[in-house]
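Student: structural data only, the sequence is not supplied:
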């Protein structure tokens with residue numbers, strides 16, 4: 001697994017640690033707006049996982065290594081335990097830490113991912129499209145957007161990916177270690193349960209979108225076996241990026257699980273509390 005790397009991390013708030021772990025192609029700053037309402041009760045930690053954002057471009061990019069990085073981050077920041085919130089790749093990282101070092105994980109929240117191997121979500125074609133972009137010709141973000149349009153026709157997905165493009169006096173470059181992500185995609189699709197690991201004994205919440213196929217009913221036995229205290233909540237109308245499309249509903253669900261008042265903490269533009277998700 002190798003030595004852990006020092007993760008770049010945003011920190012704000014006060015109280016116990018609440019760690020938000022982003023998914024593939026993301027970064028900690030993607031969670032800044034979502035995490036703010038929790039900052040009066042929690043110290044929010046928003047790291048960039050290895051090979052992402054401003055964190056080191058280190059190999060291997062796999063879940064044992066990334067879980068080790070998060071464990072080292074908690075020690076560096078002075079916390080003996082934390083509540084983990086992980087989306088997709090970040091959710092698998094959170095699950096790996098809970099199974100391998102359960103004493104560090106006070107509660108576990110996993111967003112739209114299951115502890116299984118995925119054979120149908122290989123992102124290597126997308127990574128190759130990014131690697132094929134001629135950065136020497138990119139002067140403005142719109143240049144990259146136009147160049148990627150054929151390979152990545154969804155404008156929202158292009159905008160998300162292009163958050164990782166740095167444009168400065170040195171030219172254009174990616175914050176992502178695209179070569180490492182491509183090489184380690186089989187590791188990221190997998191979920192290797194640590195040898196000899198016992199089920200995680202702590203309270204666990206899985207939140208899935210009902211328009212996503214990442215957490216299926218067929219995955220429930222794997223969830224129950226590894227996380228026996230887990231419950232699964234489903235956000236109506238949400239897809240895989242549930243924190244982007246349904247942030248109020250998700251925040252309310254998390255607030256209830258964390259023992260907070262969703263009505264007091266998270267309100268919509270009209271001042272009314274968001275609707276509850278429906279549990280399954």
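Tutor: Perfect, I can see it now. Everything quoted here is computed from the prediction, not taken from an experiment.

Student: when you work out contacts or count neighbours from here on, use the C-alpha atoms and nothing else.
Tutor: Will do.

Student: now do the helices in this protein.
Tutor: 32-35, 63-77, 89-100, 124-132, 141-148, 155-162, 178-183, 185-189, 220-226, 242-245, 247-257, 262-265 (DSSP state H).

Student: hey, which of these is tucked in deepest?
Tutor: helix 89-100 (a mean of 27; mean count of other CA atoms under 10 Å).

Student: which residues touch that one?
Tutor: 21-24, 63-64, 66-68, 70-71, 84-86, 104-105, 108-115, 188, 191, 193-194, 197-200, 226 (CA atoms under 8 Å, 6 or more residues apart in numbering).

Student: for stretch 217-226, what is the average pLDDT?
Tutor: Taken as a whole, stretch 217-226 has a mean pLDDT of 98.

Student: run the chain-centre distance for it.
Tutor: 20 Å (CA atoms, centre = their mean, to the nearest Å).

Student: neighbouring contacts of it?
Tutor: 99, 114-116, 198-200, 230.

Student: now do 7 Å
Tutor: 114-115, 199-200, 230 (CA atoms under 7 Å, 6 or more residues apart in numbering).

Student: filter the contacts of helix 89-100 down to the buried ones, PyMOL style.
Tutor: In PyMOL, this line selects whichever of the contacts of helix 89-100 come out buried by 16 or more other CA atoms under 10 Å:
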select buried, resi 21+22+23+24+63+64+66+67+68+70+71+84+85+86+104+105+108+109+110+111+112+113+114+115+188+191+193+199+200+226
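
Student: before we move on, the earlier item: redo the helices of the chain as JSON lines? Include distance to residue 48.
Tutor: Output for those, formatted as JSON lines (distance: least, CA to CA, whole Å):
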{"stretch": "helix 32-35", "distance to residue 48": "12"}
{"stretch": "helix 63-77", "distance to residue 48": "10"}
{"stretch": "helix 89-100", "distance to residue 48": "10"}
{"stretch": "helix 124-132", "distance to residue 48": "18"}
{"stretch": "helix 141-148", "distance to residue 48": "22"}
{"stretch": "helix 155-162", "distance to residue 48": "15"}
{"stretch": "helix 178-183", "distance to residue 48": "14"}
{"stretch": "helix 185-189", "distance to residue 48": "16"}
{"stretch": "helix 220-226", "distance to residue 48": "26"}
{"stretch": "helix 242-245", "distance to residue 48": "17"}
{"stretch": "helix 247-257", "distance to residue 48": "20"}
{"stretch": "helix 262-265", "distance to residue 48": "26"}
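
Student: what residues go with each domain of this protein?
Tutor: 9-116+191-279, 124-183 (automatic domain parsing).

Student: weakest of those in terms of mean pLDDT?
Tutor: domain 9-116+191-279 - the lowest mean pLDDT of these, at a mean of 91.

Student: end-to-end on stretch 148-168?
Tutor: 20 Å (CA to CA, to the nearest Å).

Student: right, I mislabeled it, should have said stretch 82-97
Tutor: End to end - CA to CA - stretch 82-97 spans 11 Å.

Student: check stretch 225-239 too.
Tutor: Terminal residues of stretch 225-239 are spaced 25 Å apart (CA to CA).

Student: now render the domains of the chain as TSV, adding distance to residue 2.
Tutor: Shown next, in TSV, are the domains of the chain (distance: least, CA to CA, whole Å):
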stretch	distance to residue 2
domain 9-116+191-279	7
domain 124-183	15
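
Student: distance of the nearest residue in space to residue 103 that is not next to it in sequence from residue 5?
Tutor: Leaving aside its chain neighbours, residue 103 sits nearest to residue 81 (6.9 Å; criterion: CA to CA, 6 or more residues apart in numbering). Here residue 81 is placed at a distance of 19 Å from residue 5 (CA to CA).

Student: can you check residue 33 too?
Tutor: 26 Å.

Student: ok, now residue 172?
Tutor: Counting by CA to CA - residue 172 and residue 5 are separated by 25 Å.

Student: and residue 86, by the same measure?
Tutor: Applying CA to CA to residue 86 and residue 5 gives a distance of 19 Å.
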